[in-house]
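Undergrad: Here's a sequence, model it:
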Amino acid sequence: MRKDHKGRKTMKKVRDALARTDAAVEVDLVFECPVPWEEMRPLEACGQAVRHCERCDCRVYDLADTPKAAVVSLVRSSGGDLCGQVQRRTDGRVVFGECTADLNVQVMRGRLVVR
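TA: A predicted model of the protein is given here:
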């Protein structure tokens, strides 16, 4: 019986690990930034893709056309503290890259988290 218990424990670990893959996670916008992208100062070393928000004193990344896996990786590598410009559907779900082609989406800025 002990071996069976270990086997179930191992399978649970595998299922949990699979659930944490980039395909299974969601990226949510937890704070909407009222500062327009055009009013943020571009950071010279980063080009137009990263700007500085004077209101929050932080970097804001343009992730609107970035694939989901890259966004998840960037948010995770920042320790979960990242502001970005993304596209969001009318139902509130953040969408990425090729998923936005035929959708009614709105470009939003704010604090991003991975769940």
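Undergrad: can you give me the offset of the lengthiest strand in the chain from its chain's centre?
TA: For the chain, the strand with the greatest residue count under DSSP state E is strand 105-114. With CA atoms, centre = their mean, to the nearest Å as the basis, strand 105-114 stands 8 Å off its chain's centre.
Undergrad: helices or strands next to it in the packing?
TA: In this structure, strand 105-114 packs against strand 27-32, helix 68-77, strand 82-89, with contacts taken as 3 or more CB pairs under 8 Å, 6 or more residues apart in numbering; DSSP states H and E. Where you see a C-beta, it was placed from the backbone N, CA and C, and this is true even at glycine.
Undergrad: 10 Å instead, please
TA: strand 27-32, strand 58-62, helix 68-77, strand 82-89, strand 94-95 (3 or more CB pairs under 10 Å, 6 or more residues apart in numbering; DSSP states H and E).
Undergrad: export the second one as PDB, just CAs?
TA: Coordinates of the C-alpha atoms in strand 58-62 are reproduced here as PDB (Å, rounded to 0.1, in the frame of the first residue of the first chain):
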ATOM      1  CA  CYS A  58       8.200  52.700 -12.900                       C
ATOM      2  CA  ARG A  59       8.900  51.100 -16.200                       C
ATOM      3  CA  VAL A  60       6.000  50.200 -18.400                       C
ATOM      4  CA  TYR A  61       6.500  47.600 -21.100                       C
ATOM      5  CA  ASP A  62       4.500  47.600 -24.400                       C
END
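Undergrad: Hey, what's the angle from it to strand 105-114? Just curious.
TA: Calculated by axes from the mean of the first three to the mean of the last three CA atoms, to 10 degrees, strand 58-62 forms an angle of 130 degrees with strand 105-114.
Undergrad: what does the first one give?
TA: Here strand 27-32 points in a direction 100 degrees away from that of strand 105-114 (the same axes, to 10 degrees).
Undergrad: how about strand 27-32: buried residues?
TA: 27-29 (16 or more other CB atoms under 10 Å).
Undergrad: quick one, what contacts the residue nearest to C46 when sequence neighbours are not counted?
TA: Among residues not flanking C46 along the chain, R59 sits closest, at 7.9 Å (CB to CB, 6 or more residues apart in numbering). By CB atoms under 10 Å, 6 or more residues apart in numbering, the contact set of R59 is 40, 43, 46, 50-53, 78, 82-84.
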